[in-house]
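Engineer: only geometry, no sequence info:
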DNA sequence: TGAAACTATTAGAATAATTATAATTGTTAC
DNA sequence: GTAACAATTATAATTATTCTAATAGTTTCA
Ligand SMILES: [Mn+2]
Ligand SMILES: [Mn+2]
Ligand SMILES: [Zn+2]
Ligand SMILES: [Zn+2]
């Protein structure tokens, strides 16, 4: 899925969430919402700096963290070596391909969780993540 | 749950899995199977070296990786900052308390997954991990 | 208006989880 | 018994991420 949003659309998307749209944030947001993929911070850093270096690694982390905090994107914890950032914030789950280190979406309706245990006393439910680990046979 | 196994029992546990029982491996195995908790590599490093330093950090990682590879323990990917190692290898799921960074077991029978999507073509199912993220209200 | 004072944003420097590789120990062959 | 080899350990290096110092933007008030 690929989306094409104008600079203005992205600007107001950020403003609507209370995020001041800076040059760096717009570049990163543009990148995230055009390719609608699961990207690591390193991926974003490489893509946003394709050609000339314009945004620091720390700013990429700051921005991704800020976007996640404000619900524009979502963190996916599946690969032990790095966090993935997911522009798709609608409820869904993931295959994690151990061989390639890539995530594949699973539509929410394809996973039916019949019963969930009671949340521990005094705790608030934040979300349920289902990770289906798969591997290409013959791979480590 | 706490288990008390003799040095001999642990030795044969390793041997049965084809792991040569060395001093370091026995110390770490003893530690893992007496406390039956979710421990990070750093936790194991601290516990095994309580008092005098005997085992290096790299050996802790090597050993935990080896144990996991041979099915003695299991890796749990829930905290973005570190991997947890779980001496409980029977199928079960986890609460992850974002506030404290601790894992809590969920017995397998308390999660009923009604339907699972078809595994992508040519891929082999490795496992299904359900992480229920919870938070103590008022915490970041 | 036009600086101070303050706040928000960025990025260079530091940290910490993990891995790569070199050193050590143990085992086999002769 | 010793040389070749294999397995194990641990030091050194890597890298994902965070900390904090520097920069840019905004508000206050003379
Ligand atoms: Mn990691
Ligand atoms: Mn990490
Ligand atoms: Zn996704
Ligand atoms: Zn567990």
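Structural biologist: Great, that's in hand. Just so we're clear, the structure is a prediction, and the values are computed from it rather than from any experiment. Ligands and ions are numbered 1, 2, ... in the order given.
Engineer: Look up the closest residue to residue A:81, ignoring the ones flanking it.
Structural biologist: Excluding its sequence neighbours, the residue lying closest to residue A:81 (Cβ to Cβ, 6 or more residues apart in numbering or on different chains) is residue A:101, at 7.9 Å. C-beta coordinates here come from the backbone N, C-alpha and C atoms, glycine included.
Engineer: just checking, that neighbour touches residue A:78?
Structural biologist: No. In this structure residue A:101 lies outside contact range of residue A:78 using Cβ atoms under 8 Å: 9.3 Å.
Engineer: Those two: which is more packed in?
Structural biologist: Taking other Cβ atoms under 10 Å in any protein chain shown, residue A:101 and residue A:78 do not tie; residue A:78 has more neighbours (24 against 13).
Engineer: I figured that one hits residue A:95, correct?
Structural biologist: No. Using Cβ under 8 Å, residue A:78 is not in contact with residue A:95; the gap is 9.0 Å.
Engineer: How far off centre is the strand ranked longest in chain A?
Structural biologist: Secondary structure of chain A read by DSSP state E shows that its longest strand is strand A:124-135. Computed by Cα atoms, centre = their mean, to the nearest Å, the separation of strand A:124-135 from the middle of its chain amounts to 14 Å.
Engineer: check whether that strand contacts ligand 3.
Structural biologist: No. Judged by Cβ under 5 Å from the ion, strand A:124-135 stays clear of ligand 3, getting no closer than 10.5 Å.
Engineer: domain parsing for chain A?
Structural biologist: A:7-79, A:90-134 (automatic domain parsing).
Engineer: Now that we have those domains, can you turn them into JSON lines and tack on mean pLDDT and distance to residue B:20?
Structural biologist: Shown next, in JSON lines, are these (pLDDT from 0 to 100; distance: least, Cβ to Cβ, whole Å):
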{"stretch": "domain A:7-79", "mean pLDDT": "97", "distance to residue B:20": "30"}
{"stretch": "domain A:90-134", "mean pLDDT": "95", "distance to residue B:20": "27"}
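Engineer: how about the nearest residue to residue A:15, chain neighbours excluded?
Structural biologist: Residue A:15 sits nearest to residue A:21 (Cβ to Cβ, 6+ apart), 6.3 Å away.
Engineer: Look at the one you found and give its secondary structure.
Structural biologist: Of the three states, residue A:21 takes coil under DSSP: H, G, I helix; E, B strand; the rest coil.
Engineer: What of residue A:65?
Structural biologist: helix.
Engineer: Could you check how many residues crowd around it?
Structural biologist: 15.
Engineer: so what's it up against?
Structural biologist: Taking Cβ atoms under 8 Å, 6 or more residues apart in numbering or on different chains as the contact definition, residue A:65 lies against nothing.
Engineer: Within range of DNA strand C, give me the residues from chain A.
Structural biologist: Taking Cβ under 7 Å from any atom of the strand as the contact definition, chain A meets DNA strand C at A:19-20, A:22-25, A:54-59, A:62-63, A:80-81.
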